[in-house]
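Student: Below is the structure, and that's it, no one-letter string:
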């Protein structure tokens with residue numbers, strides 16, 4: 001039995017379990033992680049097989065995009081493949097990251113993808129433990145069902161698809177992040193309302 005299998009289920013966020021959750025995702029499996037908004041289920045974004053597992057676990061159409069999580073704003077340029085980060089996006093990241101803001105930006109390949117830096121110590125420790133692997137993370141629930149705000153709810157919703165769920169306590173916000181698309185010219189489009197309001201976004205982006 002591997003270490004990840006030994007930790008199967010809802011587990012406390014010890015250093016060892018955080019490492020096992022990172023190993024699980026690096027190896028192509030799924031893990032549940034806490035954030036300040038809702039609990040997320042994660043897969044390795046650069047693996048078609050891992051992403052197929054994520055869509056199957058969610059019961060989600062594979063044409064619906066999944067945002068990526070980063071350990072810090074400094075990882076954004078690399079994630080975009082060298083594409084320039086719009087100045088408005090940089091200002092928003094500086095103001096709201098770590099926090100409940102997902103920025104949808106265009107990479108060097110021309111595709112728009114969402115990125116977020118969560119404001120949760122367990123999630124950030126897990127992201128650092130991934131060692132540069134960028135995870136795709138979406139809410140830990142079946143599509144169309146309420147988002148999970150605790151580890152037990154996430155585990156029950158997605159078992160047996162996920163290997164383990166890191167228990168970081170109740171998500172303090174209980175709602176998804178604000179999602180904002182910023183194009184190369186710096187124009188903003190709020191795709192999903194969330195904890196950060198439009199007025200705050202406009203002030204920060206100037």
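Tutor: Received the coordinates, thanks. Computed from a prediction, not measured in an experiment: that's the story for all the values here. Residues are numbered from 1 along each chain as shown.
Student: any idea of the pLDDT on the residue positioned nearest the centre of the chain?
Tutor: Closest to where the C-alpha atoms of the chain average out (Cα atoms, centre = their mean) is residue 137, at 3.5 Å. Note on residue 137: pLDDT of 98.
Student: Equivalent analysis for residue 155, please.
Tutor: 97.
Student: same check, this time on residue 7
Tutor: At residue 7, pLDDT is 55.
Student: for the one 5 residues further on, same thing?
Tutor: If you check residue 12, the pLDDT there is 97.
Student: ok, it touching residue 167?
Tutor: Yes: judged on Cβ atoms under 8 Å, residue 12 makes contact with residue 167 at a distance of 5.7 Å. From N, CA and C alone the C-beta is placed, and that goes for glycine too.
Student: Comparing these two, which residue is more hemmed in?
Tutor: Just comparing residue 12 and residue 167: by other Cβ atoms under 10 Å the higher neighbour count belongs to residue 167, 21 against 13.
Student: can you give me phi and psi for the more buried one?
Tutor: phi -90, psi 100 (degrees, to the nearest 10).
Student: Go ahead and confirm it touches residue 10.
Tutor: Yes: between residue 167 and residue 10 there is a contact under Cβ under 8 Å: 5.3 Å.
Student: List of residues touching the helix or strand hosting residue 199?
Tutor: Assigned by DSSP states H and E, residue 199 belongs to helix 198-205. The contact list for helix 198-205 (Cβ atoms under 8 Å, 6 or more residues apart in numbering) reads 88, 91, 92, 95, 96, 178, 180, 182, 186, 188, 190.
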